[in-house]
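> Mind looking at a prediction? Sequence and model below.
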Amino acid sequence: MPVSLLLGVNVDHVATLRQARYALLPDSPNAEPSPLTAALDAAKGGADSITIHVRGDRRHMQDRDAFEIRERCGLPLNLEMGVTEEMLALALKVRPDFVCLVPETREEVTTEGGLDVAGRLDEVKRCVAALRETGIKVSLFIDPDAAQVEASAEAGGQMVELHTGCFANASTADRSMEVERLVDAARAGAGMDLQVNAGHGINYDNLPELFPVPYLTELNIGHSVVARAMRVGLPTAVREMKTAMGAYPQ
Ligand SMILES: CC(=O)[C@@H](O)[C@H](O)COP(=O)(O)O
Ligand SMILES: NCC(=O)COP(=O)(O)O
């Protein structure tokens with residue numbers, strides 16, 4: 001367990017803004033904003049790692065972003081990817097420090113749930129083994145569900161990232177129930193010697209409501225930090241989130 005809760009800054013939505021103008025001009029020297037610059041700015045603000053989600057439809061992050069950030073940003077890189085041969089091949093070329101296996105559907109606006117590791121066990125096991133063989137550490141992005149935690153351990157994952165989207169989107173009445181789900185899943189993960197991370201929909205307002213969740217090592221946060229950065233700049237937005245995370249009881 002690290003001394004303080006680690007922050008992985010997801011810069012996907014910097015690329016979302018870039019693609020809104022430069023998707024058809026991929027080689028433009030003026031393409032901005034730059035995910036690489038964002039990663040470097042996040043490092044200035046105290047980020048512990050950078051997370052990028054190269055989706056199969058390349059709606060935001062592009063392969064070249066992954067290579068650029070890997071080569072020119074000194075922070076550990078966490079590559080989120082679907083469980084596909086295409087993305088496995090990309091990961092084996094990029095060689096990030098971490099891979100987080102996530103579910104993807106083309107129709108979704110954003111990630112809507114955790115990876116069904118239990119229902120895709122053999123397929124996930126093969127992907128995890130191929131990644132771990134090269135020294136890449138593997139996390140599994142799952143719903144806070146004991147069966148998925150157990151399946152993640154069986155699949156050879158070293159970490160789980162608990163999907164906090166249901167928590168983030170829950171009504172006030174349902175929020176405490178979602179926190180309890182996360183508490184139970186975190187306990188199950190720690191009990192199986194898995195590193196327990198969390199992510200999706202975490203923001204400056206709901207962060208403290210996650211503090212009762214034990215054994216958290218890292219939070220991956222993107223949308224809310226990038227949104228805040230539009231007002232105060234990314235280094236400050238990251239520093240603000242790190243400061244808020246400092247209150248997490250270790
Ligand atoms: C897996 C996860 O929760 C985030 O990486 C999220 O996928 C951000 O990217 P999108 O907004 O494209 O889903
Ligand atoms: N895995 C969660 C992540 O990387 C960032 O999710 P969000 O903060 O953009 O919702």
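Yep, it's here. Ligands and ions are numbered 1, 2, ... in the order given.

> now the longest helix along the chain: how far from the chain's centre is it?
Across the chain, the longest stretch assigned as helix under DSSP state H is helix 172-191. With Cα atoms, centre = their mean, to the nearest Å as the basis, helix 172-191 stands 18 Å off its chain's centre.

> Given the helix or strand that comes right after that helix, what are its sheet partners and their directions?
Using DSSP states H and E, the helix or strand that directly follows helix 172-191 along the chain is strand 195-199. Under the criterion DSSP bridges, strand 195-199 sits next to strand 159-163 (parallel), strand 216-221 (parallel) in its sheet.

> Kindly calculate the angle that the longest one makes with helix 172-191.
Here strand 216-221 points in a direction 130 degrees away from that of helix 172-191 (axes from the mean of the first three to the mean of the last three Cα atoms, to 10 degrees).

> is the helix or strand following strand 216-221 anywhere near ligand 1?
Once the chain leaves strand 216-221, the next helix or strand it forms, by DSSP H and E, is helix 223-232. No: judged by Cβ under 6 Å from any ligand atom, helix 223-232 stays clear of ligand 1, getting no closer than 6.5 Å. Placement of C-beta: from N, CA and C, glycine included.

> any idea which helix or strand comes after helix 223-232?
Later in the chain than helix 223-232, the nearest helix or strand by DSSP H and E is helix 234-245.

> which non-adjacent residue is nearest residue 11?
Spatially, and ignoring its direct neighbours in sequence, residue 11 is nearest to residue 38 (4.4 Å; Cβ to Cβ, 6 or more residues apart in numbering).

> got the buried residues for whatever helix or strand the one you found lives in?
In this structure, residue 38 sits in helix 35-44 according to DSSP H and E. For helix 35-44, burial by neighbour count (16 or more other Cβ atoms under 10 Å) applies to 35, 36, 37, 38, 39, 40, 41, 42, 43.

> May I see these arranged in JSON lines, with distance to ligand 1 and pLDDT as well?
Listed next are the buried residues of helix 35-44 as JSON lines, based on distance: Cβ to the nearest ligand atom, whole Å; pLDDT from 0 to 100:
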{"residue": "35", "distance to ligand 1": "12", "pLDDT": "98"}
{"residue": "36", "distance to ligand 1": "18", "pLDDT": "98"}
{"residue": "37", "distance to ligand 1": "19", "pLDDT": "98"}
{"residue": "38", "distance to ligand 1": "14", "pLDDT": "98"}
{"residue": "39", "distance to ligand 1": "14", "pLDDT": "98"}
{"residue": "40", "distance to ligand 1": "20", "pLDDT": "98"}
{"residue": "41", "distance to ligand 1": "18", "pLDDT": "98"}
{"residue": "42", "distance to ligand 1": "15", "pLDDT": "98"}
{"residue": "43", "distance to ligand 1": "19", "pLDDT": "98"}
